[in-house]
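S.K.: predicted model, plus sequence, below.
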Amino acid sequence: MKQVWNIVTKRLFVTAFILLLEIAFLISMMYLLGSLWIIFGVALYIFSIAIILLVVNDNGNPAYKISWIACVILIPFAGGILYIIFGKHHTTKQMKKRFNAVDMGGNEFLKNYDDILNRLECNHACFQMAKWMWDVSKHPVYDSTSTEFLKSGEVYFKRLLEDLKLAKKNIFMEFFIISPGKMWGEVVSILAQKAKQGIDVRLIYDDFGTITTMPDNYSEYMNQIGIKTRVFNPVRPRLDAFMNNRDHRKIVVIDGNVSYTGGINLADEYINEKERFGYWQDCGIRLNGKATASFTALFLRMWQYLSNEEIDYEAFMPNNEVTGDGLVMPFGDNPIRSHHLNDSIYLKIITAASRYIYIQTPYLVMDYELTTALIFAAESGVDVRIVTPHIPDKFYVHAMTRSSYKDLIKSGVKIYEFTPGFIHSKVIISDDCVGVVGTANFDFRSLYLHFECSVWMYKTSSLEQIYKDFMRIIERSQKMTIEDCDNRKLIQKMLGIVLKPFAPLM
């Protein structure tokens, strides 16, 4: 009885229950009005047509539009109301106003030097990518930065602890998930110790990402032990587009000089101390040098948004001199901008490839443009390989991922499933010269709804490390065939067919 009571009183359960009540109310009103069926039928028809016209004339992604049109047709009235609440805008006006006020914070310290940018002119596609990124988002390209590819959660964790212990001035951490256990336990112990020494330690975590793992008042406890903590987008029982927007970033900045990002959260499954879906394969990237300025700015902008504090950006900028090989461009993406940076960079890398494109992603639920680009590349003779999990974390997303295999394989794309378990890495590398490691999956939520971050790299030594590690992972993966697609269980095929039209909404 006590266990049942604990579940019922948990914030996630209460929030979900209240949201269901709100949806039930909307639907019940529809049926109550149904007694005036002729008037209501005409009104419902006009309302549905109006909503569909709104969807069609919106500037959003075509796949996103199709999903909402299907929703309006299948759930009359309620589907239209849900579109007005969730679909008309990717986020709320209030959030846009507040975030736009801080989104350019520190820009005076993020300078794009023409001599660095011009070093890309020998590769026209990369030059275009970097110049466009600077023009639309003011994310500069850096030299004087060393990069280190961290091929697993275990390697990432060991390296992170070493750097945290060396911190002298400040530690900034921003994560989607934190969870009790060995990984977070060792990290928070160092953070608390550093805070006692007078070091500026700050933590941001997403409320939804920790809602099942941490107590509701955890941020208060962290503040009490000297770790300044802010919670992104607290989960509330309200029908609001903002609930869709999550902080999916993973950022660590130490003393303004060293930074980390990648797919790894602060939970034991990421370092395989806890088994959830077989072996958990993940990766990260460590930067040392000037490029850390961009991650510092991304973190401090989010901090300013959440706390309304004035920030002295200059005090946190890098001050070390590092010899780097190649060029580096960290960047952040968010649903506030009309330019979807990760989506555009992925698309540009794919269309510019001449020899190969290798991708690792836990979810392969793409829009028409990305799918077409991959097919065209493969049909043009480019070696396109994609690695996805064999053991999924979400059965319904895995069904949609597998439903996209057949058309890709027919076109010459090679798809592999990581046999030992779940692959959570978000990596794309092409032609030995360009690659991205970050937090954005090849799915709609990452590319259009979440706050994400990544590192774009050009001819860095870490690209060779990524290539070699990709070959290692391929050896541990099974190549999927047309026969594998045809032999899937009927229920998985049906699930993929039914859910695919709604993929952008999931």
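M.R.: Looks like it arrived, so ask away. Numbers count the residues shown, from 1 in each chain.
S.K.: which element is Lys65 on?
M.R.: Lys65 is part of helix 62-74 when elements are defined by DSSP states H and E.
S.K.: tell me what that helix is packed against?
M.R.: helix 37-57, helix 78-82 (3 or more CB pairs under 8 Å, 6 or more residues apart in numbering; DSSP states H and E). Any C-beta I mention is one placed from the backbone N, CA and C, and that applies to glycine too.
S.K.: quick one: mean pLDDT for it?
M.R.: Averaged across helix 62-74, the pLDDT comes to 74.
S.K.: please, which helix or strand holds the nearest residue to Ile225 once chain neighbours are set aside?
M.R.: Nearest residue to Ile225, sequence neighbours excluded (CB to CB, 6 or more residues apart in numbering): Ala192, at 5.0 Å. If you go by DSSP H and E, Ala192 is part of helix 182-196.
S.K.: quick one, what contacts the residue nearest to Met104 when sequence neighbours are not counted?
M.R.: Once flanking residues are discounted, Met104 sits nearest to Lys138: 6.9 Å by CB to CB, 6+ apart. Lys138 sits next to 104, 107, 110, 112 when contact means CB atoms under 8 Å, 6 or more residues apart in numbering.
S.K.: ok, Lys138 to Leu300 distance?
M.R.: From Lys138 across to Leu300, the span is 15 Å (CB to CB, to the nearest Å).
S.K.: do the same with Ile359
M.R.: Remark: distance between Ile359 and Leu300 (CB to CB) = 31 Å.
S.K.: now do the contacts for Ile46.
M.R.: Contacts of Ile46 by CB under 8 Å, 6+ apart: none found.
S.K.: where's it relative to Met400, distance?
M.R.: Taking CB to CB, one finds Ile46 at 33 Å from Met400.
S.K.: one more: Gly435?
M.R.: Where Met400 is concerned, Gly435 sits at a distance of 26 Å (CB to CB).
S.K.: looking at those two, which is more packed in?
M.R.: Each of Gly435 and Met400 had its neighbours counted (other CB atoms under 10 Å), and the higher figure belongs to Gly435 (26 against 23).
S.K.: from Phe502, how far off is the nearest residue to Ile75 once chain neighbours are set aside?
M.R.: Of all residues not flanking Ile75 in the chain, Leu82 sits nearest, at 7.6 Å (CB to CB, 6+ apart). To Phe502, Leu82 is 12 Å away according to CB to CB.
S.K.: go on, Leu374?
M.R.: Between Leu374 and Phe502 the distance is 22 Å, computed by CB to CB.
S.K.: more neighbours: those two, which one.
M.R.: Leu374 (29 against 15).
S.K.: host element of that one?
M.R.: Going by DSSP H and E, Leu374 is in helix 368-379.
S.K.: so for that helix, mean pLDDT?
M.R.: Averaging pLDDT along helix 368-379 yields 94.
S.K.: name the residues of that helix that are buried.
M.R.: Across helix 368-379, burial judged by 16 or more other CB atoms under 10 Å covers 369-371, 373-375, 377-378.
S.K.: by how many degrees do it and helix 62-74 diverge?
M.R.: Computed by axes from the mean of the first three to the mean of the last three CA atoms, to 10 degrees, the angle separating helix 368-379 from helix 62-74 equals 130 degrees.
S.K.: how distant is helix 368-379 from the center of its chain?
M.R.: Helix 368-379 sits 22 Å away from the centroid of its parent chain (CA atoms, centre = their mean, to the nearest Å).
S.K.: what packs against that helix?
M.R.: If contacts are counted by 3+ CB pairs under 8 Å, 6+ apart, helix 368-379 sits against helix 341-352, strand 383-389, helix 405-410.
S.K.: if you set the cut-off to 6 Å instead, what comes out?
M.R.: Helices and strands touching helix 368-379, by 3 or more CB pairs under 6 Å, 6 or more residues apart in numbering; DSSP states H and E, are helix 341-352, strand 383-389.
S.K.: who touches the longest one?
M.R.: Around helix 341-352, the neighbours that count as contacts under CB atoms under 6 Å, 6 or more residues apart in numbering are 125, 129, 331, 333, 357, 373, 377, 428, 430, 440, 447, 452.
S.K.: alright, calling it a day.
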